[in-house]
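In: build me a model:
(one chain, ligands or ions: 1)
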Amino acid sequence: MCGIVGAASGRDVTPILIDGLKRLEYRGYDSAGLAVIDKKCDLVLRRSVGRVASLESICDSVDGSTGIAHTRWATHGKPAEHNAHPHISSQTIAVVHNGIIENHQELREELKEKEFTFRSETDTEVIVHQIDWHTQQGLDLLNAVQITISELSGAYGLGVVSKKEPGVVIAARNGSPLLIGLGEKENFIASDMSALIPVSQKYMVMEDGDIAKITPSSVEVFDRQGNPVERQVIISTLSDDETELEGYAHFMKKEIHEQTRAITETLEDRLGSKSVIEMAFGDEAQEIFDRAKELKIIACGTSYYAASVARYWFEEFGIKCDVEIASEYRYRKHVVNEGTLFMTISQSGETLDTMAALEMAKTLGYSNTLCICNVPESSLVRASDLTIFTHAGREIGVASTKAFTTQLVTLLMVAICLRRRKVGNGRAGDAMEAEIVKELRSLPQMIDNVIDLEEDIISMSKHFGNKEHALFLGRGAHYPIAMEGALKLKEISYIHAEAYAAGELKHGPLALIDEDMPVVAVAPNDELLEKLKSNLEEVRARGGKLFVFADSQAGLISDEETMVLNVAPVNNYIAPVLYVVPLQLLAYHVALIKGTDIDKPRNLAKSVTVE
Ligand code: F6R
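Out: Next up, the predicted model:
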């Protein structure tokens, strides 16, 4: 999704801006650009479609000490150079923008009447002309931006420069994350602190409604009413260590293989010998869990599937749990029962729909808000009563893998804590808890064993390279695992993949079965196995080709129509975490055959900060 970097310094900022954009590449984008005020106080603009590297190749001669830069993920107007940011007005003012301006159409009409010429189809361009209009009325840049944002409706993170005020970057935020990085005789803005790792270890988080004036030697922040405000200075814990491929061909493959370590670290210090250590979730966890009689979990995409798996655990443990996609939740009316804990799940902690759902939930009388998140310095974390971190480490591949499995084990630990209150064991665990804890401890080794099946999965993937569709089947907690498997396949291989609860097959999708529709199934040895086997027979009877990941004791064997890969027996609660791993590998190897851009699939973004 769009990314912003800006700098006010005493040195040439072009390399800082380009490096910052490269660090934001993982978020997903289709074009990039920068605007720098050069030594002659001219505004120099460079934009290009495609990778930051192609922008870099046209920036050799750009040299100036104030600038803003942007990676764009198209919302209004196709990916094209004229739609890339920055947008400029009168060759004087430049703007970069994350978010969406909802009243851009009416502002565009007004500005056209004032004889401004539009060169793009973007919503952003109205902002720069509007600021220009206000400076033409005699306002300085800060005041012109201040008035302009009061006229905008929608979401924005903004960076603005003007050649009439060299050395100044104006930043504004409403609903789209923006940070101010503090350096030595230079200061920065960025939509994500990872853009600034080499130049700044200290930063402030701008709040909604804030506007800031940044120069090499000063940072002034004002709230929505224009009052000067202090924002807390935070020391960043980010480092470059996690951003190397370390010999892997893709980050996705590296991240699939890292799941053993990521799960170990997520469990570390949280498991006693026979029980989950509730105190490890923070001082407030005990009271928040005590109050939680029911759960509402909100998330998007892969994080939503993690929540959907966890629903089976919570309800198995007697805790009512409702799970919903954030973008739907936001626009419904809600009846909130007393003692309902509102939970969000997010890898990035910046997903706009999830964040907006949380803000709305805070007005609705939930007992508390709990967030399961992978990024400590993120918006969701700051806005929640309690956060339980997944320690997946930085996830760079757009298709989420290790974030998902660490979310699952975190959710299982939370489910265990809430279960204790139901079974009346106070803070102590019981035999069942001890059994799950034991299995959780052996999970990393079991994942390693599944990863050892990679050669067989590569053979399996060859059956998918020339297919246009695939069906994924699962039952119970493995239905959302099938959905996650289908999502992985579609997002990185571009094969249309759909998941069905296997029992639903006969109610429609069976009509699709033929030899060109591979059917992938997950078959753990649980109480639904026999039902699933009947569903698989329904596929075989119609000439369908089956690819099954099955418990080695499930009694499923390969033949001409069916390819079975055996997974070692595993506890039912742990099984979903294990069974998603071969599906991730299958998607990866199919995408490899298809030659797609695996880490940055087309049209997708890592951090989805627009609606
Ligand atoms: C799919 C994927 C997305 C994200 C979704 C939510 O592989 O990564 O579906 O899961 O955009 O993102 P987070 O978890 O950052 O809120």
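
In: how about the contacts made by residue 602?
Out: The neighbourhood of residue 602, defined by C-beta atoms under 8 Å, 6 or more residues apart in numbering, consists of 494, 596. All C-beta atoms are positioned from the backbone trio N, CA, C, and that covers glycine.

In: switch the cut-off to 7 Å
Out: Counting by C-beta atoms under 7 Å, 6 or more residues apart in numbering, residue 602 touches no other residue.

In: please report how far it lies from the ligand.
Out: Residue 602 sits 14 Å away from the ligand, going by C-beta to the nearest ligand atom, to the nearest Å.

In: and the gap between the residue of the stretch 301-450 of the chain found nearest the ligand and residue 575?
Out: Among the residues of the stretch 301-450 of the chain, residue 301 lies closest to the ligand, at 1.9 Å counting by C-beta to the nearest ligand atom. Noted for residue 301: a distance of 22 Å to residue 575, by C-beta to C-beta, to the nearest Å.

In: export the host helix or strand of residue 260 as CSV, just CAs?
Out: When elements are assigned from DSSP states H and E, residue 260 belongs to helix 259-267. Backbone C-alpha positions of helix 259-267 (Å, rounded to 0.1, in the frame of the first residue of the first chain) are rendered in CSV as follows:
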residue,chain,number,x,y,z
GLN,A,259,7.8,-20.8,11.3
THR,A,260,9.6,-23.2,13.6
ARG,A,261,11.6,-20.4,15.2
ALA,A,262,8.7,-17.9,15.1
ILE,A,263,6.4,-20.3,16.9
THR,A,264,9.1,-21.2,19.5
GLU,A,265,9.6,-17.5,20.2
THR,A,266,5.9,-16.8,20.4
LEU,A,267,5.5,-19.6,23.0
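
In: and the helix or strand following it, what's buried?
Out: Counting by DSSP H and E, the element after helix 259-267 in chain order, helix or strand, is helix 285-291. Within helix 285-291, the residues that qualify as buried by neighbour count (16 or more other C-beta atoms under 10 Å) are 285, 288, 289.

In: report the lowest-confidence entry in these.
Out: By predicted confidence, the buried residues of helix 285-291 are weakest at residue 285, whose pLDDT stands at 93.

In: which residues are in contact with it?
Out: With C-beta under 7 Å, 6+ apart as the criterion, the residues that contact residue 285 are 278, 386.

In: how close does it get to residue 141?
Out: 46 Å.

In: could you do residue 168 as well?
Out: When C-beta to C-beta is the yardstick, residue 168 and residue 141 sit 6 Å from each other.

In: likewise residue 473?
Out: In this view, residue 473 and residue 141 are 59 Å apart by C-beta to C-beta.

In: neighbour count: the two, which is higher?
Out: residue 473 (29 against 20; other C-beta atoms under 10 Å).

In: phi, psi of that one?
Out: According to degrees, to the nearest 10, the main-chain angles of residue 473 amount to phi -120, psi 140.

In: do you know how far it is from residue 10?
Out: From residue 473 to residue 10 the distance is 62 Å (C-beta to C-beta).

In: same check on residue 399?
Out: For residue 399, the distance to residue 10 equals 41 Å [C-beta to C-beta].

In: the two: which has the busier surroundings?
Out: Just comparing residue 399 and residue 10: by other C-beta under 10 Å the higher neighbour count belongs to residue 399, 29 against 12.

In: could you verify my assumption that that one touches residue 488?
Out: Yes - checked against C-beta atoms under 7 Å, the pair residue 399 and residue 488 is within contact range at 5.7 Å.

In: quick one: residue 35 and residue 55 touch, right?
Out: No - no contact is recorded between residue 35 and residue 55 when judged using C-beta under 7 Å, the distance being 11.7 Å.

In: of the two, which one has the most company?
Out: For residue 35 against residue 55, the residue with the higher neighbour count under other C-beta under 10 Å is residue 35, and the figures read 30 against 25.

In: are we agreed that the more buried one is in a strand?
Out: Yes - secondary structure of residue 35 (DSSP: H, G, I helix; E, B strand; the rest coil): part of a strand.

In: relative to the ligand, which residue of the stretch 151-300 of the chain is the closest?
Out: Nearest residue of the stretch 151-300 of the chain to the ligand: residue 300, at 4.0 Å (C-beta to the nearest ligand atom).

In: that residue - how many residues pack around it?
Out: Neighbourhood size, residue 300 [other C-beta under 10 Å]: 23.

In: state the distance from it to residue 329.
Out: Applying C-beta to C-beta, the value for residue 300 to residue 329 is 10 Å.

In: now the helices for the stretch 351-500 of the chain?
Out: In chain order, the stretch 351-500 of the chain shows helices spanning 352-361, 379-383, 402-423, 431-451, 454-461, 478-493, with DSSP state H, counting those that start in this stretch as the criterion.

In: turn those helices into CSV, columns for mean neighbour count and mean pLDDT.
Out: Supplementary listing: the helices of the stretch 351-500 of the chain in CSV, determined by neighbours: other C-beta atoms under 10 Å; pLDDT from 0 to 100:
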stretch, mean neighbour count, mean pLDDT
helix 352-361, 22, 96
helix 379-383, 20, 92
helix 402-423, 24, 96
helix 431-451, 17, 94
helix 454-461, 17, 97
helix 478-493, 26, 98
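
In: output these as TSV; include the columns distance to residue 181.
Out: Conversion of the helices of the stretch 351-500 of the chain to TSV gives the following (distance: least, C-beta to C-beta, whole Å):
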stretch	distance to residue 181
helix 352-361	21
helix 379-383	17
helix 402-423	25
helix 431-451	36
helix 454-461	40
helix 478-493	32
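
In: looking at it, residue 572 is touching residue 526, isn't it?
Out: Yes - applying C-beta under 7 Å, one finds residue 572 in contact with residue 526, separated by 5.0 Å.

In: the more surrounded of the two?
Out: Neighbour count, other C-beta under 10 Å: between residue 572 and residue 526, residue 526 has more, with 20 against 17.

In: tell me the SS of the more buried one?
Out: Each residue gets one of three states, and residue 526 gets coil by three-state DSSP.

In: next, it: phi, psi?
Out: Torsion angles, degrees, to the nearest 10, at residue 526: phi -120, psi -170.

In: residues in contact with it?
Out: The neighbourhood of residue 526, defined by C-beta under 7 Å, 6+ apart, consists of 476, 572, 575.

In: redo those residues as TSV? Include pLDDT and distance to the ligand.
Out: What follows is these, written out as TSV (pLDDT from 0 to 100; distance: C-beta to the nearest ligand atom, whole Å):
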residue	pLDDT	distance to the ligand
476	97	22
572	95	25
575	98	21
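
In: out of those, who's nearest residue 551?
Out: Proximity of the contacts of residue 526 to residue 551 was ranked by C-beta to C-beta; the top entry is residue 575 with 8.2 Å.

In: quick one: neighbours of the closest residue in space to that closest one that isn't next to it in sequence, just the number.
Out: Distances taken as C-beta to C-beta, 6 or more residues apart in numbering put residue 524 closest to residue 575, at 4.2 Å, once the chain neighbours are dropped. Taking other C-beta under 10 Å as the neighbour definition, residue 524 ends up with a count of 27.

In: tell me the contacts of the residue of the stretch 151-300 of the chain closest to the ligand?
Out: 325, 326, 327, 351, 353, 354, 608.

In: can you tell me how far it is from residue 598?
Out: Between residue 300 and residue 598 the computed distance is 21 Å (C-beta to C-beta).

In: with residue 417 instead?
Out: 37 Å.

In: below-threshold pLDDT in this protein: ranges please.
Out: Counting by pLDDT under 70, the chain has low-confidence residues at 1, 241-242, 425-428.

In: the ligand contacts on that one?
Out: 300-303, 346-348, 351, 354, 399-400, 487, 491, 608 (C-beta under 6 Å from any ligand atom).

In: again, only this time at 8 Å
Out: Among all residues of the chain, those adjacent to the ligand (criterion: C-beta under 8 Å from any ligand atom) are 299-304, 345-351, 354, 374, 380, 398-401, 403-404, 487-488, 491, 604-608.
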